[in-house]
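> Here you go, sequence then predicted model.
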Amino acid sequence: MFNTPLILTIEPLILVYGFLVGVFSVLTFQIVPAYIGSQIRPIIVLKDMGGEKPFYRDIGFLKIAVISFLIFGSILYLNLRSILLVAAIYGLIFLMFLFTVIARYILKLISKIPTFNIVSFKLALRSIERNHWTIATALLAIAIGLGSVGSVLTTGEGLKDFVEDTFSSFADFDIQINGVPDSKIDYMENRLLEIEEVKTIYRTTDAFLGFTVDITRINGMEASRYISFFTEDKREEAERRCSNVNLVGRNLEHNPMDSISFRIASGRLLDREDIGRDRIVVSTRCADIFDISVGDVITFQFNDYNFDMEIVGVYSPTFQEGGLLGIITSSETLDKIRRTSSNIGFNIVKINNVKIEDYFRFLPTSQAKKAEFFTNPNVNVIGLELENQYFEYHDTEGIIISTQLAEIFELNAGDILTLENNDDLKDFIVREIKEGPFNKESEIIVPYKALDGKFSEIYTYTLNIISKQGHSDILSKKTRAMFSPEYGVLDASEIVSLANRLIDQVVIPVTLLASFSLFVAIIVVSNTMYLTIMDRKREIGIMKAIGASNNKVLKNLSVENLIVGVIGGFLSLIILYFAFFGISQILQIGTIPISLTILGGIFMLSIVVTVLASIIPAYNTSKIRPLSVLRYE
């Protein structure tokens with residue numbers, strides 16, 4: 001149904017636990033009422049006298065309840081293996097009991113409201129007051145059933161709104177073109193600006209989620225030494241987080257940070273003045289893990305290049321990602337870091353103008369086989385200030401190779417290597433041989449200026465396009481016609497739509513499961529209303545004896561059930577609110593507006609459930625003959 005393969009398995013222990021819970025529940029709900037019934041004194045019933053003490057004050061009832069709770073808790077513990085989970089379930093049971101008590105007093109309070117001499121309304125309120133405990137139990141079933149279904153649906157809709165808001169906060173674009181080489185980006189920007197539906201264009205790196213770096217120093221101190229003063233648990237967490245850190249870039253000119261998605265804890269958020277500067281903001285999670293704050297300096301390592309970043313703000317994100325530290329800088333800073341030192345895969349196609357296949361013939365057989373594994377080396381492309389540390393200022397043809405590569409291919413300074421990337425070729429002269437491998441397994445160092453203009457796709461960018469109001473669909477079609485399939489053209493609505501479909505695939509099955517609780521609620525309400533109405537045969541018989549018609553009786557009963565439905569609807573909304581609040585806190589998705597459509601649907605469904613659950617017994621009871629009831633009095 002959801003294009004997801006399900007592996008069906010049979011777990012014997014789960015079957016045993018389910019059987020025990022089922023048998024225990026049936027026995028409990030049979031023994032308790034049977035015990036209560038066995039304690040009734042005959043004289044109280046036969047003479048229609050009052051004075052029987054409430055069942056919940058009976059010592060025997062309390063003993064049965066305590067024993068039942070202990071057995072139930074034992075079964076739960078055998079299954080869940082957690083005292084906290086068992087305590088949580090008992091907490092929910094207590095809340096349900098508390099809800100029933102509160103609902104009982106609400107019913108008694110409602111029964112006191114003025115009726116303005118409306119007979120049907122007055123009779124309905126009297127019946128509600130007389131059967132307040134029974135109706136309170138029915139309200140509990142309605143509230144649980146509707147609240148569980150409503151909370152799942154509302155959470156799903158809330159997650160959709162959250163995804164859309166978060167996506168628009170991080171990626172402020174309508175159309176996105178990926179994989180644009182820096183050699184063509186100016187040309188494409190000019191073509192796009194000629195389209196009348198385009199409002200703004202800005203470029204970012206292809207790494208929308210940033211790239212991976214390592215934390216080497218904090219405030220000038222080695223990271224390992226800095227965190228050695230932490231407690232053992234905190235130190236282990238900090239050590240684990242120091243490597244493979246995700247550094248995210250954000251275009252601050254066209255997509256500034258907002259205080260809704262990034263609630264400021266201290267300092268400030270990044271602004272236009274931080275574009276291209278070595279400044280960052282970090283999440284509260286990152287600040288807690290490394291015990292850092294505004295003004296501290298973190299030294300990151302990207303390949304073999306170290307750079308210092310100053311913390312200007314600490315923020316509390318709307319959604320706290322479990323695996324990310326939430327370190328953000330400007331996209332221009334991210335691009336500067338990338339251009340300083342990047343590892344890119346190249347192919348060696350020639351050595352001294354001899355094809356690599358022919359070159360292997362001049363090497364010993366064992367050495368040639370080993371050399372085959374090094375024909376696709378990682379090349380460290382360095383730029384900006386770093387390239388001046390290795391090469392002369394005007395050198396656009398030199399490379400530095402590792403001693404390992406030189407030994408395998410029997411290379412010396414002055415030899416020529418022909419490198420290839422995406423069908424682009426260029427000859428390079430070996431200037432120097434150094435101990436390697438260089439940063440993270442790279443065997444060759446090449447200055448960026450030696451690649452500029454020759455290798456068009458070394459650095460690629462993403463063009464983000466914002467359309468004029470109401471023109472995104474037209475702009476998407478035009479952009480696809482101009483640049484697809486050469487480049488990846490992405491519509492923002494497609495991402496949101498995909499996320500919504502994924503949420504639906506999770507929410508719909510859970511909603512189907514939650515609907516079982518609603519079905520149980522309908523059964524409970526039907527049974528409660530049936531028993532309540534059947535107990536009133538004498539009252540209905542008297543009403544018909546003094547002239548009430550079938551429709552009049554049915555109207556009175558319907559008004560009563562309509563009032564119960566309205567009360568159940570309001571109580572369901574209250575439970576729905578608290579359930580949704582709890583789920584949002586667990587998922588840490590912040591405050592999300594609840595759909596008024598779902599709230600209205602839950603309220604109307606409560607009325608429909610109570611009316612439909614009572615319509616059959618009410619209709620049958622309204623047709624009874626007065627004589628068949630009164631002749632036994």
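Cool, the structure landed. Residues are numbered from 1 along each chain as shown.
> can you list the residues that contact stretch 525-535?
Defining contact as CB atoms under 8 Å, 6 or more residues apart in numbering, one finds that stretch 525-535 is touched by 127, 131, 134-135, 137-138, 141-142, 557, 561, 609-610, 613-614, 616-618, 621. In this view, the C-beta of every residue, glycine as well, is placed from N, C-alpha and C.
> before we move on, what about stretch 91-105?
Here stretch 91-105 has contacts from 132-133, 135-137, 139-140, 143-144, 567, 571, 575, using CB under 8 Å, 6+ apart.
> and those residues, which are buried?
132, 135-137, 139-140, 143-144, 567, 571, 575 (16 or more other CB atoms under 10 Å).
> Can you select the buried ones from the contacts of stretch 525-535 in PyMOL?
Command for PyMOL, covering only those of these found buried under the criterion 16+ other CB under 10 Å:
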select buried, resi 127+131+134+135+137+138+141+142+557+561+609+610+613+614+617+618+621
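> Cross the contacts of stretch 525-535 against helices and list the overlap.
The helices, defined by DSSP state H, take in 127, 134-135, 137-138, 141-142, 557, 561, 609-610, 613-614, 616-618, 621 from the contacts of stretch 525-535.
> residues in contact with the closest residue to residue 457 other than its chain neighbours?
Once flanking residues are discounted, residue 457 sits nearest to residue 181: 4.6 Å by CB to CB, 6 or more residues apart in numbering. Contacts for residue 181 were tallied using CB under 8 Å, 6+ apart; they are 456-461.
> can you give me phi and psi for residue 350?
When read as degrees, to the nearest 10, the backbone of residue 350 gives phi -140, psi 150.
> whoops, I mixed them up, residue 508
According to degrees, to the nearest 10, residue 508 has phi -60, psi -50.
> Could you count how many residues lie near it?
As a burial measure, residue 508 scores 14 neighbours (other CB atoms under 10 Å).
> so how far is residue 576 from it?
For residue 508, the distance to residue 576 (CB to CB, to the nearest Å) stands at 18 Å.
> Could you identify the helix or strand that succeeds the helix or strand containing residue 358?
Taking DSSP states H and E as the criterion, residue 358 maps to helix 356-359. Next along the chain after helix 356-359, taking DSSP H and E as the criterion, comes helix 365-371.
> What is that next one packed up against?
When contacts are defined as 3 or more CB pairs under 8 Å, 6 or more residues apart in numbering; DSSP states H and E, helix 365-371 sits against helix 403-409.
> residues in contact with the helix it packs on?
Contacts for helix 403-409 (CB under 8 Å, 6+ apart): 348, 351, 359, 363, 367, 370-371, 374, 377, 411-412, 430, 433-437, 443-444.
> And for stretch 271-286?
Counting by CB under 8 Å, 6+ apart, 247, 252-253, 256-257, 262, 265, 267, 269-270, 292, 298, 307-317, 320, 324-330, 332-333, 336 sit against stretch 271-286.
> Those residues in strands, which ones?
247, 262, 265, 267, 298, 307-317, 327-330 (DSSP state E).
> ChimeraX command to pick out the buried ones of these?
Filtering the ones in strands among the contacts of stretch 271-286 down to the buried ones (16+ other CB under 10 Å) takes a single ChimeraX command:
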select :247,262,265,298,307,309,311,312,313,314,315,316,317,327,328,329,330
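> and the gap between residue 218 and residue 334?
Taken as CB to CB, the span from residue 218 to residue 334 is 20 Å.
> Neighbour count for those two, which is higher?
residue 334 (23 against 20).
> Okay, now the unreliable bits of the stretch 501-633 of the chain?
579-595, 629-633 (pLDDT under 70).
> let's see it at 80
513-514, 517-518, 520-522, 524-540, 556-558, 560-561, 572-599, 602, 609-633 (pLDDT under 80).
> Over to residue 599. Which of the three states is it?
For residue 599, the secondary structure call by DSSP: H, G, I helix; E, B strand; the rest coil comes out as helix.
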